[in-house]
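**Q** any chance you could fold what I've pasted below:
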Amino acid sequence: MSYDPRRALDLLRKGTGLSDARFRDGQEEAIRHVVEGQGRLLLVQRTGWGKSFVYFIATRLLRDQGKGPALLISPLLSLMRNQIAAAERMGVRAFTINSSNIEQWEGVEEELKQDEIDILLISPERLTNERFRDRALTAVGGRVALLVIDEAHCISDWGHDFRPNYRLIERIVRNAPKNLRLLATTATANKRVQKDLRQALGPSLTVQRGDLHRPSLVLQTIRLTTQAERLAWLAEHVAALPGNGIVYVLTKRDAVQVADWLCLHGLEAHAYSSDTVQREELEQALLANEIKVLVATPALGMGFDKPDLAFVIHYQAPGSVVTYYQQVGRAGRALDAAHGVLLSGEEETEITGYFIDSAFPSREEVERVVEALETHPDGLTQPQILAEVNISHQRLKRTLKLLSLESPALVVKQGSKWQLTAADLGEAFWERAERLTRLRREEQRQMQEYVSLESGHMEFLISALDGDPGRVEGPSLPPLPTQADPERVREAEAFLKRTSLPVEPRKQWPPGGLPIYKVKGNIAEERRAQPGKALCVWGDAGWGGLVRRGKYSVGLFADELVAACADLVQQWSPDPVPTWVTCIPSRRHPDLVPDFAQRLANRLGLPFAAVLVRCEDRPEQKKMANSTRQALNLDGALQIEGELPPGPVFLIDDMIDSRWTMTVAAWLIRSKTSDEVWPLALALTGPGR
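**A** Modelled structure (predicted):
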């Protein structure tokens, strides 16, 4: 198949919108390799190098020669909007089938049949969809001229906990014609990942590896232990930085908190996570320089392309060098100089450690899931499994996914139900789990080694990715200050302590209801709790550490927490105003919460009445791993004793997790009165409590 260099250059210029655009080192060679069918190619090039131009231009050239469409598998369809726009400028008709464009599926399927689509973009999860396989893939048939695997490192062990469905691609490639053009692209493939990819994509895989050095980036690490110090540093220095950027955080809560703090200091800042509804609007606003900073979880990651992004700052260290290189590489792609600053704090290893520990199910969890399915040959829905097995919703979801991706699969999904197959789970599954867990721990350790560097940051990253650091030279930007202003730190401490969190009331009983209390379905509005409040997140900055210390070290909640909750109540002003206070009882810590509730009642000038009692010992709620089990653990465990004082009431507890304890307690109280119940807790629990 002949390659037309003039046509390729013309397409590049149309795609970039630049009449004098030239191919970067390696781009044209990669396009020629694909078009001429020189064999399967792995393209390892740094972020922002322009890998998407390779597969879009190659697709257009192949279509010009009468070849069939290309199929692109990518985990980042929601972040490929700029690339698709560039493809359209080159005359490449790019379409996608995903969960957000269901209304377009029929049209896309029909256009595939008519050979009117040049490249079809799908996520790896789409490969498991029966409709997609039956309609879209059947329409394409054996006409696919090029298979593109974007972010190909996800096929290797490295990508296990990012997108497990990438494991399906290995099976597809194994069964594909040997002469099928295949292009795999990634920015992060060290020697181990390349070995994995050769095994998955074929030993004859050609690897084209570029320079990993980012000469425009000035990298810096700053250890600021507390969140207050890091907030103070951000408030002081982000505003002074030129241009626009991203602040990366590890949790959704941190995204909201940091964005709120920066807004208080006059910055146009917005939180961005997988829960953010207006993600596309925020991406566009950052691209158009309409906002100063996005405070983002890893949901804003591979695929987002803003060439003039001036800085990437990390509020905490991520779990691996690979992740960090991907994220910091968003900055300075088309600038002479950009800042990449990593702020490191005390909570990061606990958070990343939680993600490592929860990546795989335990042997005991798998055994319990298998036992539940064995007793129900017709299968169980996910909610039904949760009712029988003490495993969290997310861990069950991941467990079923991993077991279904084994070859042969241990479980399969038929409609809404999961069923066991005749297959056994081999020891290789557990060996892989142990190997990956060790690998993640090593990556976590390596990231902390990076944090401790005083110089040589880029060299460290390149070496960690098995690149050649050679002679690394960066721009002559002076480093940013490494200390936070003490006055701003005190201000940040006050900010963290005045944060309160909403507690939404539950409106439905769990699937199957609570048989002892004889309830199921909707919770009647007149028996529900009102919207409540929590002072903080368990163990978090602000009040969280003091709550933890009071419960497990001292056995008494500090007077400062009483005062803080009283201030919260004053700012909250629930209506109608509560006229008395009660609390959730505990047999393990019989005096802890009643003592706190009594002192808070005194502070508020309200009477305290202990009207709820525990009928019997039950396992601690925190040992119940999912919502359904937590609800069933409370069934019949609480009752009302004595007469209720008149009027609305504050219902006090130290921690709220599933909200079932508050839900049941409020339901019992409101069975005796028509007055409102207002939940108030010291802390919401989170990962690793």
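
**Q** walk me through the domains of this structure.
**A** Following automatic domain parsing, the chain resolves into domains at 5-209, 217-353+440-485, 367-432, 498-684.

**Q** in three-state terms, label residue 185 for me.
**A** strand (DSSP: H, G, I helix; E, B strand; the rest coil).

**Q** my bad, should have said residue 12
**A** Strictly by three-state DSSP, residue 12 counts as helix.

**Q** just residue 233 next, same as before
**A** Secondary structure assignment for residue 233 (three-state DSSP): helix.

**Q** distance of the closest residue to it other than its chain neighbours relative to residue 493?
**A** Distances taken as CB to CB, 6 or more residues apart in numbering put residue 484 closest to residue 233, at 4.4 Å, once the chain neighbours are dropped. Any C-beta I mention is one placed from the backbone N, CA and C, and that applies to glycine too. According to CB to CB, to the nearest Å, residue 484 and residue 493 sit 11 Å apart.

**Q** where along the stretch 251-400 of the chain do the strands fall?
**A** Taking DSSP state E, counting those that start in this stretch as the criterion, the stretch 251-400 of the chain carries its strands at 269-272, 293-296, 311-314, 338-344.

**Q** please save the CA atoms from the second one in PDB.
**A** Listed in PDB are the C-alpha atoms of strand 293-296, where the atom choice follows Å, rounded to 0.1, in the frame of the first residue of the first chain:
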ATOM      1  CA  VAL A 293      -7.900  26.700  37.900                       C
ATOM      2  CA  LEU A 294      -9.800  23.300  37.900                       C
ATOM      3  CA  VAL A 295      -9.400  21.400  41.200                       C
ATOM      4  CA  ALA A 296      -9.600  17.900  39.800                       C
END
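
**Q** touching that strand from outside, list them.
**A** With contacts defined as CB atoms under 8 Å, 6 or more residues apart in numbering, strand 293-296 is touched by 238, 244-249, 254-256, 258-259, 262, 267-273, 282, 286, 300, 315.

**Q** try 7 Å
**A** Contact partners of strand 293-296, identified using CB atoms under 7 Å, 6 or more residues apart in numbering, comprise 238, 244-249, 255, 258-259, 262, 267, 269-272, 282, 286, 300.

**Q** what's the answer for the third one, then?
**A** Outside strand 311-314, the residues that touch it by CB under 7 Å, 6+ apart are 241, 243, 245-248, 327-328, 330-331, 338-343.

**Q** closest to residue 403 among those?
**A** residue 327 (31.0 Å; CB to CB).

**Q** tell me the pLDDT of the closest one.
**A** Residue 327 is assigned a pLDDT of 92 by the prediction.

**Q** what's the answer for residue 177, then?
**A** 82.

**Q** same deal with residue 303?
**A** Looking at residue 303, the pLDDT reads 67.

**Q** other residues contacting the worst-scoring helix or strand of the chain on mean pLDDT?
**A** Least confident element among the helices and strands of the chain, by mean pLDDT, DSSP states H and E: helix 138-140 (a mean of 76). Helix 138-140 is contacted by residues 69, 109, 112, 113 when judged by CB under 7 Å, 6+ apart.

**Q** one more: stretch 499-514?
**A** Contacts of stretch 499-514 (CB under 7 Å, 6+ apart): 257, 383, 387, 519-523, 528-536, 542, 568, 627-628, 631-632, 635, 656, 659, 663, 679, 681, 684.

**Q** ok so, going back, nearest to residue 359, of the domains of the chain?
**A** domain 5-209 (4.5 Å).

**Q** just checking, residue 126 touches residue 132?
**A** Yes. Contact criterion CB atoms under 7 Å: residue 126 and residue 132 qualify, at 5.0 Å.
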